[in-house]
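Visitor: Pasting the sequence and the predicted model now:
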Amino acid sequence: QLQLVESGGGLVQPGGSLRLSCTASGFSLDYYAIGWFRQAPGAEREGVSCISSSDDTTAYADSVKGRFTISRDYAKNTVYLQMNSLKLEDTAVYYCAAVRFRGSIGAILPYYDYWGQGTQVTVSS
């Protein structure tokens, strides 16, 4: 069964950090670009970040630039989203997604083949 599983969400105070993980099972992420998305209650899903599969180029939403870092570990078949300086408005369910794509990226890719089930991130004092 092909699936993506997110982990690492939780409750954190403003200014704190979390690292989300997205691990694939049933397939290799080597040829997949990975995106992170989030959806807050009552809001539309928003692209947060993306990393390519060929040269590890990355893209970020303006709202998280300088605070979030996406990376991948091919040996562990996992992509990470390091989130620092978290703000109240970062509260959302975070999803990772995979699309078979080889090439550099200049923006968060819009279409994906597989989605994870999401992990809750709550920033609250």
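Guide: Good, I have the coordinates. Numbers count the residues shown, from 1 in each chain.

Visitor: middle-most residue in the protein, spatially?
Guide: With distances taken as Cα atoms, centre = their mean, residue 36 lies nearest the centre of the chain, 2.6 Å away.

Visitor: ok, and that one, which helix or strand is that part of?
Guide: If you go by DSSP states H and E, residue 36 is part of strand 32-39.

Visitor: what helices or strands is the helix or strand following that strand leaning on?
Guide: Next helix or strand after strand 32-39 toward the C-terminus (DSSP H and E): strand 46-51. Where contact means 3 or more Cβ pairs under 8 Å, 6 or more residues apart in numbering; DSSP states H and E, strand 46-51 is packed against strand 32-39, strand 58-60, strand 68-73, strand 78-83. All C-beta spots, glycine's among them, are computed from the backbone N, C-alpha and C.

Visitor: Please work out which of those is packed deepest.
Guide: strand 32-39 (a mean of 24; mean count of other Cβ atoms under 10 Å).

Visitor: Parallel or antiparallel, list what pairs with it.
Guide: Paired neighbours of strand 32-39 in the sheet (DSSP bridges): strand 46-51 (antiparallel), strand 92-100 (antiparallel).

Visitor: so how far is the helix or strand just after the last one off the chain centroid?
Guide: Towards the C-terminus, the helix or strand next in line after strand 92-100, according to DSSP H and E, is strand 114-115. What separates the centre of strand 114-115 from the centre of its chain is 12 Å, taken as Cα atoms, centre = their mean, to the nearest Å.

Visitor: same thing with stretch 108-120?
Guide: The answer for stretch 108-120 is 8 Å, by Cα atoms, centre = their mean.

Visitor: one step back: could you export the strands paired with strand 32-39 as JSON lines, including distance to residue 12 and mean pLDDT?
Guide: JSON lines is the format used below for the strands paired with strand 32-39 (distance: least, Cβ to Cβ, whole Å; pLDDT from 0 to 100):
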{"stretch": "strand 46-51", "distance to residue 12": "16", "mean pLDDT": "98"}
{"stretch": "strand 92-100", "distance to residue 12": "13", "mean pLDDT": "97"}
